[in-house]
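>>> Need a 3D model of the following:
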Amino acid sequence: MLFRSVYLTAGLTYSFEFNRFGADTKLLLFRNPASSTYWVGRSGRVLETTGLLATYTAPATDWYGIVVVNDDFSRELGTRFGFTGV
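Next up is the predicted model:
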């Protein structure tokens, strides 16, 4: 599993590029709606993708968490991701 925090601005649409290879990986985006300690399972994600490109419009200016998970534990995780504001 890989994790990265990103700061998104309300109203902007962001493009997430996700290149995956060698494993059953997914990119998940999480938003903390309360600005306090926050724990949630995968069902709390605001975005999930296995594709090359996904977009998301941030409803609030805040820190978001990007998590890349590997659901194929028998293979190595091989991914590359990045994002840009549109």
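>>> Any chance of the backbone angles for Arg43?
Quick fix: residue 43 is Ser, not Arg. With angles defined as degrees, to the nearest 10, Ser43 sits at phi -60, psi -20.
>>> And for the nearest residue to Glu48 once chain neighbours are set aside, the neighbour number?
Using Cβ to Cβ, 6 or more residues apart in numbering and skipping residues adjacent in sequence, the residue nearest Glu48 is Leu28, 5.3 Å away. For the C-beta atoms, the positions are set from N, CA and C on the backbone; glycine is no exception. For Leu28, the neighbour count with other Cβ atoms under 10 Å is 18.
>>> chain center to the host helix or strand of Val69: distance?
If you go by DSSP states H and E, Val69 is part of strand 62-70. On the basis of Cα atoms, centre = their mean, to the nearest Å, strand 62-70 is displaced by 4 Å from the centre of the chain it belongs to.
>>> Same check on stretch 31-48?
Distance, stretch centre to chain centre, for stretch 31-48: 11 Å (Cα atoms, centre = their mean).
>>> ok, Ile66 - contacts?
When contacts are counted by Cβ atoms under 8 Å, 6 or more residues apart in numbering, Ile66 touches Phe3, Arg4, Ser5, Val6, Phe16, Leu27, Leu28, Leu29, Phe30, Phe81, Phe83.
>>> rerun at 6 Å
Contact analysis of Ile66 by Cβ atoms under 6 Å, 6 or more residues apart in numbering lists Arg4, Val6, Leu29.
>>> Could you give the bridge partners of the last one?
Looking back up the chat, that one is Leu29. Leu47, Ile66 (DSSP bridges).
>>> repeat for Asp62
Bridge pairing for Asp62 - DSSP bridges - gives Leu8.
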